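Novice: From the sequence below, what's the structure:
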Amino acid sequence: MNIKVDSFKRSFDYSQSNSIFFSICSSEKDGIVYLGSSDFNVYEMNYNNPNRKTEKLYAHESFVSSILRSGNLLISGGYDGSIIWWSISAKKMIKTVKSAHQKWIRSLAKHPKSPIIASVSDDMLCKIWDADSGKQIQVLSGHDQKTPHHFPSMLFTCCFSPSGKYLATADKIGKIMIWDTQTWKIVKSIHAPEFYTWDPTARRHSIGGIRSLAFSTDEDYLAIGGIGHIGNIDHLDGPSQVQLFDFKTSKLVIKWLNDQNKGIINYLHFSNNNQLLIAAGGNNDGILEYFDIKQKKSAYREKLGFHVHDGLWMEKEKETSLILAGHHHVSMYRQA
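Specialist: Next up is the predicted model:
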């Protein structure tokens, strides 16, 4: 379903002052979404309810950085290194894998055609799990443990391609590994070093990294999001950055740098038959931007008033909507 960017408008904004929402996923029930929060909790929210209050379902031992749904199961990972399986229908926790990773679990991704999930962590490993049983299937290693300046690296994000044939993982220094999901071997590596900043003077510190990934539905493109060169590493004042690669050749096709709205791009989604790329993130002001791929330019840009950590794109027969979750806010955009 195609959208007109000038008619895609915010329909509501929900605020919860004690929570930074790091992740969002959908439910089979109409109007229900699930949220992973900085207050260690997983919440359910009915966005069709005018009150839009969240209901606490369960908690981790630290903040919940990623959440997804697989059938009747809600699966979440967090800073505590644990992955929790929750039965939606029974409303109870059915499995917890403590120390699923040795460090912060940054992201989970669901295979589009089979009950398999992937998790990535700052231990620089990607682990493959059976979504139904919680059994570990495979451990993928290939990302460097250290940055070029000998600081610990971070493995921020992962996503499966629409066909399920590939899994992409991306880290702090701008390395993307592409894995064949039949053999779990690396079939391609892409390096985007402009996502990594090293400050040798003020702090002797490094920051940045690739924070979001998205394959086009035809798998011709791989989009990556993050931040450009950072002048002040304490305030993330670098330009928002999105790069688009030809997936078959690994060549950079388009690079967008947004100096007007700064901060990290944490969410990407292809729409309009892969002619439109939607990006969200930013700094404290937040940013929602639509990129016209054919014209190689920004088609629309909007400040949000809050930093976005995750997004959820939903298409129904007569309606398209986008829900953005972030610092103390959940906002929905609908086709007007």
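Novice: quick one: least confident helix or strand in the chain?
Specialist: Lowest mean confidence among the helices and strands of the chain (mean pLDDT, DSSP states H and E): strand 205-208, at a mean of 74.
Novice: Farthest from the middle of this protein: give me that residue.
Specialist: Distance to the chain centre peaks in the chain at residue 201, reaching 31.4 Å (criterion: Cα atoms, centre = their mean).
Novice: Surely that one forms part of a strand?
Specialist: No: going by DSSP: H, G, I helix; E, B strand; the rest coil, the assignment for residue 201 is coil, not a strand.
Novice: quick one, what contacts it?
Specialist: Applying Cβ atoms under 8 Å, 6 or more residues apart in numbering, we find residue 201 in contact with no residue. For the C-beta atoms, the positions are set from N, CA and C on the backbone; glycine is no exception.
Novice: What distance do you get for it to residue 23?
Specialist: Going from residue 201 to residue 23 by Cβ to Cβ, to the nearest Å gives 35 Å.
Novice: need the strands for the stretch 101-250 of the chain, in chain order.
Specialist: For the stretch 101-250 of the chain, applying DSSP state E, counting those that start in this stretch gives strands covering 105-110, 116-121, 125-130, 136-141, 155-160, 166-171, 175-180, 186-191, 196-199, 205-208, 212-215, 221-227, 239-246.
Novice: Between those, which one is closest to residue 257.
Specialist: When these are compared by Cβ to Cβ, strand 239-246 sits nearest residue 257, at 4.6 Å.
Novice: so how far is the helix or strand that comes right after that closest one from its chain's centroid?
Specialist: Using DSSP states H and E, the next helix or strand after strand 239-246 towards the C-terminus is strand 251-262. The chain centroid and the centroid of strand 251-262 are separated by 18 Å under Cα atoms, centre = their mean, to the nearest Å.
Novice: Counting by contacts, list what strand 251-262 packs against.
Specialist: Applying 3 or more Cβ pairs under 8 Å, 6 or more residues apart in numbering; DSSP states H and E, one finds that strand 251-262 contacts strand 239-246, strand 287-292, strand 297-303.
Novice: Could you tell me the least trusted of the strands of the stretch 101-250 of the chain?
Specialist: Between these, the lowest average pLDDT goes to strand 205-208, which shows a mean of 74.
Novice: can I get the strands of the stretch 101-250 of the chain in JSON lines with distance to residue 266 and mean neighbour count?
Specialist: Converted to JSON lines, the strands of the stretch 101-250 of the chain look like this (distance: least, Cβ to Cβ, whole Å; neighbours: other Cβ atoms under 10 Å):
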{"stretch": "strand 105-110", "distance to residue 266": "10", "mean neighbour count": "24"}
{"stretch": "strand 116-121", "distance to residue 266": "14", "mean neighbour count": "25"}
{"stretch": "strand 125-130", "distance to residue 266": "19", "mean neighbour count": "20"}
{"stretch": "strand 136-141", "distance to residue 266": "23", "mean neighbour count": "14"}
{"stretch": "strand 155-160", "distance to residue 266": "9", "mean neighbour count": "25"}
{"stretch": "strand 166-171", "distance to residue 266": "12", "mean neighbour count": "25"}
{"stretch": "strand 175-180", "distance to residue 266": "16", "mean neighbour count": "20"}
{"stretch": "strand 186-191", "distance to residue 266": "19", "mean neighbour count": "14"}
{"stretch": "strand 196-199", "distance to residue 266": "17", "mean neighbour count": "20"}
{"stretch": "strand 205-208", "distance to residue 266": "13", "mean neighbour count": "21"}
{"stretch": "strand 212-215", "distance to residue 266": "5", "mean neighbour count": "24"}
{"stretch": "strand 221-227", "distance to residue 266": "7", "mean neighbour count": "26"}
{"stretch": "strand 239-246", "distance to residue 266": "10", "mean neighbour count": "21"}
